[in-house]
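Visitor: can't give you the sequence, but here's the structure:
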């Protein structure tokens, strides 16, 4: 059952060195505050999973905490490349980065398989491309009914899934709405779950198209208003487009990025290496 926790305590208890961590959120509800706490605590050697690793993972990669990335697209939405991501892949700075690349459909199906307790998922895809040649998590399977050869992708079961949502009640039930991506599937596939929320409420309010995650699938809830910034939380905030534009220049230069990290995340102090 979910416990209401301080963000620092929840991150320290649920996320460990070497974990596979999914921080999901599509366009909005991206858990930046939780990622920054991971950086402050110096939790390292992580495998990060995300369908669209954008600026949140650029920051974690640039901080030197990521050994491997499982993903299906990477970029600064509406702006261009992720330069810390590119520097790690092309130059090994601040450390080499191993990649496991998929299509969006492949990643979504991997989460679904993990949430369903299945070892793999089956889909039509990957034909005509070379991703299967570069990934040990993509294979083929023959349909026992039709004989058709189909793509198979290994289940994705993160050690920890972290998401941001609009509301949680005091029993740890979580409510999110708007563009919800694969948050539900990533939560149900994970061994441990941390949810940051804009607001703790006495009673959850229904919203058309919204999702409710029961407290028994969540380990900890932390109230973090603005915890999705510079992305947004529908009904609570708007996207900080200026930040995404400014990030391009910050992330292009190692010294500029390091100065930003120390000023805006670490508060002038080095990360605590555990």
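Guide: Nice, I can see it. Everything numeric here is computed off the predicted structure, so don't read it as measured data. Numbers count the residues shown, from 1 in each chain.

Visitor: Please count neighbours and contacts with C-alpha atoms only from this point.
Guide: Will do.

Visitor: can you pull the contacts of residue 29?
Guide: Neighbour list for residue 29: 163-166, 228, 231-234 [criterion: C-alpha atoms under 8 Å, 6 or more residues apart in numbering].

Visitor: Next: residue 210.
Guide: Contacts here follow C-alpha under 8 Å, 6+ apart; on that basis residue 210 touches 175-178.

Visitor: Try it again at 6 Å.
Guide: Taking C-alpha atoms under 6 Å, 6 or more residues apart in numbering as the criterion, residue 210 is in contact with 176-177.

Visitor: I'd like to know how far it sits from residue 255.
Guide: 42 Å (C-alpha to C-alpha, to the nearest Å).

Visitor: likewise residue 188?
Guide: 39 Å.

Visitor: got it, and residue 120?
Guide: 42 Å.

Visitor: Please identify which of the two sits among more neighbours.
Guide: When residue 120 is set against residue 255 and neighbours are counted by other C-alpha atoms under 10 Å, the residue ahead is residue 120, at 20 against 11.

Visitor: Residues in a beta bridge with that one, which ones?
Guide: Beta-bridge partners of residue 120, counted by DSSP bridges, are residue 154.

Visitor: pretty sure it contacts residue 156?
Guide: No - Residue 120 lies out of contact with residue 156 (C-alpha atoms under 6 Å); the separation is 8.4 Å.

Visitor: mind listing what's buried in stretch 219-231?
Guide: Buried residues in stretch 219-231, counted by 16 or more other C-alpha atoms under 10 Å: 219-231.

Visitor: quick check, nearest of the contacts of residue 29 to residue 205?
Guide: residue 166 (10.4 Å; C-alpha to C-alpha).

Visitor: In which helix or strand does that closest one reside?
Guide: Counting by DSSP states H and E, the element that carries residue 166 is strand 160-169.

Visitor: Which strands or helices does the next helix or strand after that strand pack on?
Guide: Next helix or strand after strand 160-169 toward the C-terminus (DSSP H and E): strand 174-176. Applying 3 or more C-alpha pairs under 6 Å, 6 or more residues apart in numbering; DSSP states H and E, we find strand 174-176 packed against strand 160-169, strand 211-213.
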